[in-house]
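J.: here you go, sequence then predicted model.
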Amino acid sequence: MLKTLESIGFPQLDARVYVLLAKKGPQKAIDAAKVLKMPRQTLYVIIKNLQKKGIVTSTVEHPARFVAVPFEKVLDLFIKSKIEEAQRVQQSRNEILLDWESIAIAEPDERSAKFTIIEGRNTVYSKIQQMISETRRQLQFVTTVPSLARADQFGLFDAAANHPMRSKIHFRFITDLSDQNVNVVKALLEKKPAALLSFKGRTPDLWLGLLPRMIVRDEEEAIFFIEPQRGVSSTEQDYVCLWTNCRTLVDSFSVLFEDLWSKSTNIQNKIVEIETGEPVPRTCVIGEAQVAKKKYEDVLRLANKEITIMTSSEGLNLLNKSLPLIEFVAKCVSVRIMAPIVNKNLDDAQQLMKQFEVKHVPSVYLNVTIVDGEHFFQFKNPHSNRQDIELLDNFENTFYTNDHEYIKRTQTILWDIWEKASVPSAITLESIISGSSPADASQAGRSRYGEYRKMVGWIEETEQCSLTEKNVLDKIINAKKILIKDPQKDVGRAYCSSGLAVIHPPAQFNIPDFIIIARHVDKQSSMGAEDMLAVYLWLETPSGYAYVRAGTAGDNPRGVNWRKTLFEGTPIPQYCHLLKKDEIQVRLHGNTLFAGWTVPIPLFPQPYTLPPACILFEGYGDLKTGVVKTRSPVGRTEISEFNGFDAFVTFFHPASKYSGPGTDGLLRRDLVMTSYPPTK
């Protein structure tokens, strides 16, 4: 069978994987790799190729199992592919035969690529006039206003006007229109004959005086002007051009022209702007990074009302070093900044917050700046973690527009995001669970952590240098179920994925700040599979404010009973809720964990209730492997071994959207929790 599969196009390793899945049935990747004695990385590549071909599918469970398509369907796919291939050859038969018959011994071609230097003003303009007369489709030229005037003197416009095919030819030019030469250009355009139905001009939005003077005809030939030395007046002898019919160079000049054309403004609109002082809408892509950076800095310096910036987490670091803070403050310019606030840029965010408004957004899909509602810039998201403010890569191909309607619509979207975004908190989840608080946190902030320890128990991060990502994964892959008979005496173990976040909800929630834990527990765990939530509310206690366990919800009766037993003698058991399978879902996909629940969850104390909602944890940064030791209020000790990430947190509910600060989220992608009974 392996030889048969290879004969119909299967690579040898692909054939082995298919036969295994077809004969053994659905397999996990690790099991298949063991049977085939194949590295798991190699197996994943092969399975991905087979999935693209529709030969292998996968289940939705985690970890996924891979299933082979029945062999008869594979044969049908192969037969169909070969038939389609034969049909394509048959349809192209005549064309292929004509191409074959056209092959002949090459003879000298009079139209082979040539280069000629043309000198002298009269000779140059005579050549241009010849190019105009031979034009059949389009003529493109980039030139200066004085050269346009000189071309008119030499009768080049008359040559175009008298062309027998003038109504079918597109004449397009790009020139450097300015306040000083606008009258000259107007006079030339007024002389344009009505018969020239397609005679269009544009002027670059960012003219640097460095654009090449050139003419391209029908993508067949081109003239490129060799400029005289700067500062020297142009004379008859200074007119020197390179003419060529080399297709590669002509195509390159044509592409350059189209690029300049796309970044330029209609010359008639520009004339109106110069004469009235009213800017016309313009949109362009500034390809040169240095030019885009200068344009951006010039516009920022002219700001006099407000600046709105949405940037990436890396971009926030650059802003703190590049924004002219003193200038903006002195001019009373309002600056709003939105970015993902993460551990590595929290210090920069807090520095910026001393002068500007800064809010956290969990994900950035646009890296944009709007200045005074008149200028809009969109940049590439940074691909580097460098803190060098001279890094120009992010300015390449910058999108710019001053189109009022476009900017107004974008401002509305950004304002909606701003209203729902949150102010970064100096009290982060990391400071809560590690026992540290920011140096500049208030006294109330420092005591907040202390009260949390008193009420919930202590949590200690311990270094385990020998623990690796593979160690944690191996424990989950080779999971052994530990049965529990007496919750008060027996050791329990859970294999799971978990997200943990501090949420600062908006007022319409009508509940205080809370910590939420969302967990998907695998079936190998002591209590079996479960999706569950745990909530801790920020409440006043006899010892002051603290996070207090306020309730749990899960879809496994054994898990719910386990938690009720642990907290006997407290109000908590009546807030351990059993939900139906379709009322709660917690799922991990890659480095993203999603949790949702469709029913309100009553919390202690009443009348607090967690409304139907969902929460998204998006892991970012480097993978962290570690061990956490926890002692709960009921005296049990838990050892948690994990692979995880810091996480962006987005909290949703039917009435509004809430995005929690990124510093307040943790994602434990791979988690092994072992719970030990109290020691006497």
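T.: Okay, I see it.
J.: okay, CA-based contacts and neighbour counts for the rest of this
T.: Fine.
J.: where does the stretch 551-680 of the chain dip in pLDDT?
T.: 633-634, 654-664, 680 (pLDDT under 70).
J.: how does it look with 90?
T.: 562-563, 565-572, 590, 606, 616-624, 626-640, 645-666, 675-680 (pLDDT under 90).
J.: hmm, who's touching stretch 507-524?
T.: Residues outside stretch 507-524 that contact it (C-alpha atoms under 8 Å, 6 or more residues apart in numbering): 479-481, 494-505, 528-539, 547, 586-588, 595, 608-611.
J.: the stretch 151-300 of the chain: strands as residue ranges?
T.: Taking DSSP state E, counting those that start in this stretch as the test, the strands found in the stretch 151-300 of the chain are 170-174, 199-204, 214-217, 221-226, 240-244, 264-266, 283-286.
J.: right, so of those strands, which gets closest to Val272?
T.: Nearest to Val272 among these is strand 264-266; the distance by C-alpha to C-alpha comes to 10.2 Å.
J.: so the spatially closest residue to Phe253 that is not a sequence neighbour bridges to which residues?
T.: Setting aside the residues directly before and after it, Phe253 is nearest to Val216 in space (C-alpha to C-alpha, 6 or more residues apart in numbering), at 7.1 Å. With DSSP bridges applied, Val216 shows beta-bridge pairing to Gln140, Ala222.
J.: from what I see, Val216 and Gln140 are in contact.
T.: Yes: counting by C-alpha atoms under 8 Å, Val216 does reach Gln140; the two are 5.2 Å apart.
J.: could you check how far Asp347 is from Leu319?
T.: Going from Asp347 to Leu319 by C-alpha to C-alpha, to the nearest Å gives 12 Å.
J.: again with Arg16
T.: Arg16 is 54 Å from Leu319, by C-alpha to C-alpha.
J.: how is the chain divided into domains?
T.: Split into domains by automatic domain parsing, the chain comes to 2-90, 115-276, 283-420, 462-676.
J.: including distance to Leu97 and mean neighbour count, could those domains go into a markdown table?
T.: Shown next, in a markdown table, are these (distance: least, C-alpha to C-alpha, whole Å; neighbours: other C-alpha atoms under 10 Å):
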| stretch | distance to Leu97 | mean neighbour count |
| --- | --- | --- |
| domain 2-90 | 11 | 15 |
| domain 115-276 | 27 | 17 |
| domain 283-420 | 45 | 18 |
| domain 462-676 | 52 | 19 |
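J.: and the helices in the stretch 201-350 of the chain?
T.: Using DSSP state H, counting those that start in this stretch, the helices of the stretch 201-350 of the chain run over 247-262, 267-276, 289-302, 313-322, 325-330, 346-353.
J.: and the first one, what's its mean pLDDT?
T.: Helix 247-262 shows a mean pLDDT of 86.
J.: now do the shortest one
T.: Helix 325-330 carries an average pLDDT of 70.
J.: the last one too?
T.: The average of the pLDDT scores along helix 346-353 is 81.
J.: which residues touch that helix?
T.: By C-alpha under 8 Å, 6+ apart, the list of residues contacting helix 346-353 reads Leu316, Asn317, Asn320, Ile341, Val358, Pro424.
J.: so what strands line up beside the top strand by length along the chain?
T.: In the chain, taking DSSP state E as the definition, the longest strand is strand 613-631. Sheet pairing of strand 613-631 (DSSP bridges) gives strand 459-462 (antiparallel), strand 592-597 (antiparallel), strand 637-653 (antiparallel).
J.: out of those, the one nearest Ala187 is which?
T.: Closest among those, using C-alpha to C-alpha: strand 637-653, at 60.5 Å.
J.: follow-up on the earlier one: let's have the strands of the stretch 151-300 of the chain in a markdown table, adding distance to Thr57.
T.: Shown next, in a markdown table, are the strands of the stretch 151-300 of the chain (distance: least, C-alpha to C-alpha, whole Å):
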| stretch | distance to Thr57 |
| --- | --- |
| strand 170-174 | 54 |
| strand 199-204 | 53 |
| strand 214-217 | 54 |
| strand 221-226 | 55 |
| strand 240-244 | 57 |
| strand 264-266 | 51 |
| strand 283-286 | 43 |
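J.: quick one: contacts for Phe399?
T.: Contacts of Phe399 (C-alpha under 8 Å, 6+ apart): Thr283, Cys284, Val285, Ile286, Phe377, Gln378, Phe379.
J.: the second one pairs with what?
T.: Note on Cys284: beta-bridge partners Tyr400, judged by DSSP bridges.
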